[in-house]
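Undergrad: Task: produce atomic coordinates for the following.
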Amino acid sequence: MTKVPFPKLLSSQIAFDIARAILDGFDKHYRLFRHASKTAKRYFEIGAWPTAQQAARERIGYYDRRVQECVHALEDEYAPEELTDAVWREVKLHYIGLLSHHKQPELAETFFNSVSCQILHREYFNNDHLFVRPTVSTEYLETEELQPTYRVYYPAADGLRFALKRIVTNFQLDAQFANLGRDIELVEARMAAQFGLEKREANQQLQVLSSLFFRNKGAYIVGKAINGPQVYPFVIPVLHNRRGQLVLDTVITDQETITILFSFTRAYFLVDMEVPSAYVQFLRSLMPRKPRSEIYTILGLQKQGKTLFYRDFLQHLKHSSDDFGIAPGIPGLVMLVFELPSFPYVFKVIKDFYPPPKETTRAQIKEKYLLVKHHDRVGRMADTLEYSNVAFPLARFSEELLAQLQRDCPSQVDIEGERIIIRHLYIERRMVPLNIFLTRAEQSGNDELVEHAIVEYGNAIKDLVAANIFPGDMLYKNFGVTRHGRVVFYDYDEIEYLTDCQFRDIPQAMNEEDEMSAEVWYPVGKHDVFPEQFESFLLGNAKIRHYFLKHHADLLTRAYWQSHKERILAGVVEDVFPYPQQIRFSNQAAAIPAVYSPSYLENLHNE
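TA: Numbers count the residues shown, from 1 in each chain. Modelled structure (predicted):
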């Protein structure tokens, strides 16, 4: 470690060296993070989908590896008695000085907190040692590279078509377009019609983020059109056709659809960003309702997302007075779920005991949640925020919730004075459980909404199948409905890879005794699945049965599941589009089904 003279106003050379070592550890992490984003471009160009997915999964673990490297280096270099409170306070002050011209100061502060919490080996930390609030502003940070955060194009000068062509070609994708001129014309026609760009205002421009957003088999151009006082967001997906040529698949102009594209139910994007805060600020101008924490997370900066989420949560606690209570719905066998009604998230704690028929362990449940974190969630599995040793105000816990926590999760709960400490929990976006949603829709007499929910439920299962996920327990209570009306799976303790399952038909009975038996008379292996059995526990309601058989009868057949398993084993990476099929240029003639407005769905949620 190179010794650098420390500032004269501070007295500890050790403190300065530690601060420098931590920042060096973060800088290494962010170099590797950006390298992964840059290589995603090459994987996209050559269509190396399995390799790209593996690289995206590996990137999720980069942060924790670099934290551990930094912790081990500091523990090898310094004795515990050298790391006094006074020294660590100086470490923080030196670190602030080192960040004065840094391009990712908010991320570096979070990295400092992660290292500090492990070095200090305390359950609850003195705020003097950590960055509880950001100390370095990210406003107006400038890029130092040749590539600015976004580029500006002026359609009024040379026409919209020419500007759009420059936008696409400036990304310099090393792959051939099937017919770029045709695609540009389609984009131009839709944007001109929806944004009114044929009427040229004095201030007419297109602002486009300088890096492509890569995820799965797609690359996305993200920008906004400005026409006088009006601002319109847009996203242009770039895909490969069946011949391996590039196409502009559509242009997404609806804010709700763009928000779903950046949903918490999808895998993280790979984006090369020198100044991530500038990207977050730009994206917030497109999606003003989406919290900064979720935007950082979907960009692959999930640790920063966790930091901002927790700060927002603490602020919400200060300015609210309602109590935490048991979340509505059928109680789970594995998780205790509670909520704060004024806060749009739920808190999930693993129980200490699991009654039959559950056969699992705490370690296995954590592995399932980690699997989901690293897997492609295809818009159908909720991302989770995992926390340890979270302090809540004891006075805000209802008596019922407190009693249930102490009964079902005693190993996870400590009470210290006026605080209740939960040792480990998951936090997820709150959704309406599908079983409750269906009941409300039936009670309101809205058959169209029942059909919509069942169509979405089947589509959710099929999207999971395409991503090599077998949900295990497919009861409606394990799925939720988002404010956009999408059905999402959120109970992970029984999920398996589809390729690990053995899909079977129920054998024909050998005699009348077998046929009439209440018990299973044929051998069943641990991974055996009998799709025709789904009907008995999913379709007891006549109306639900009608809509399910109308749209998703294939889910009751072994052939459906087995054919997808074989495709995955053959190396096929399925297409799962994060936007409606009807807006794709190749599907413009398709009929657009009824769309339920978010406000209508929210009203139903709140009934």
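
Undergrad: contacts and neighbour counts: CA atoms only from here.
TA: Will do.

Undergrad: Surely residue 134 touches residue 106?
TA: Yes: using Cα atoms under 8 Å, residue 134 is in contact with residue 106, at 6.6 Å.

Undergrad: between those two, who's got more neighbours?
TA: residue 106 (23 against 13; other Cα atoms under 10 Å).

Undergrad: these two touch, right, that one and residue 132?
TA: No: between residue 106 and residue 132 there is no contact under Cα under 8 Å: 11.4 Å.

Undergrad: Got phi/psi on residue 232?
TA: The phi and psi values for residue 232, taken as degrees, to the nearest 10, are phi -130, psi 120.

Undergrad: Make 30 the starting number, not 1.
TA: Got it, first residue is 30 now, which makes that one residue 261.

Undergrad: List the residues that contact it.
TA: Residue 261 makes contacts with 224, 253, 254, 255, 282, 315, as judged by Cα atoms under 8 Å, 6 or more residues apart in numbering.

Undergrad: Tell me the most packed of those, by neighbour count.
TA: That'd be residue 254 among the contacts of residue 261, by other Cα under 10 Å, with 23 neighbours.

Undergrad: I would like the residues contacting the helix or strand harbouring it, please.
TA: Taking DSSP states H and E as the criterion, residue 254 maps to strand 247-256. Defining contact as Cα under 8 Å, 6+ apart, one finds that strand 247-256 is touched by 73, 224-226, 229-238, 240-243, 260-269, 315.

Undergrad: just how off-centre is it within its chain?
TA: 21 Å (Cα atoms, centre = their mean, to the nearest Å).

Undergrad: Check the average confidence over it, would you?
TA: Averaging pLDDT along strand 247-256 yields 95.

Undergrad: Direction included, what does that strand pair against?
TA: Sheet pairing of strand 247-256 (DSSP bridges) gives strand 233-238 (antiparallel), strand 242-244 (antiparallel), strand 259-269 (antiparallel).

Undergrad: which parts of the first one are buried?
TA: Within strand 233-238, the residues that qualify as buried are 233, 234, 235, 236, 237, 238, counting by 16 or more other Cα atoms under 10 Å.

Undergrad: same question, the last one
TA: Judged by neighbour count using 16+ other Cα under 10 Å, the buried positions of strand 259-269 are 260, 261, 262, 263, 264, 265, 266, 267, 268, 269.

Undergrad: Can you tell me, leaving aside adjacent residues, what's nearest to the last one?
TA: Leaving aside its chain neighbours, residue 269 sits nearest to residue 275 (4.5 Å; criterion: Cα to Cα, 6 or more residues apart in numbering).

Undergrad: In the stretch 380-529 of the chain, what residue spans correspond to strands?
TA: Assigned by DSSP state E, counting those that start in this stretch, the stretch 380-529 of the chain shows strands spanning 414-422, 442-445, 448-458, 461-462, 498-499, 508-510, 516-518, 525-526.

Undergrad: Please identify the deepest-packed of these.
TA: strand 516-518 (a mean of 27; mean count of other Cα atoms under 10 Å).

Undergrad: okay, and the helix or strand of the chain with the least pLDDT?
TA: helix 627-635 (a mean of 40; mean pLDDT, DSSP states H and E).

Undergrad: Now do the one helix or strand residue 115 maps to: which elements does it pack against?
TA: Secondary structure assignment for residue 115, by DSSP H and E: helix 114-127. Applying 3 or more Cα pairs under 8 Å, 6 or more residues apart in numbering; DSSP states H and E, we find helix 114-127 packed against helix 42-75.

Undergrad: Tell me which other helices or strands the following helix or strand past the helix it packs on touches.
TA: Once the chain leaves helix 42-75, the next helix or strand it forms, by DSSP H and E, is helix 78-89. Counting contacts by 3+ Cα pairs under 8 Å, 6+ apart, helix 78-89 is packed against helix 42-75.

Undergrad: Any idea how far the helix it packs on is from the middle of the chain?
TA: Worked out by Cα atoms, centre = their mean, helix 42-75 lies 22 Å from the chain centre.

Undergrad: what mean pLDDT would you report for that helix?
TA: 95.
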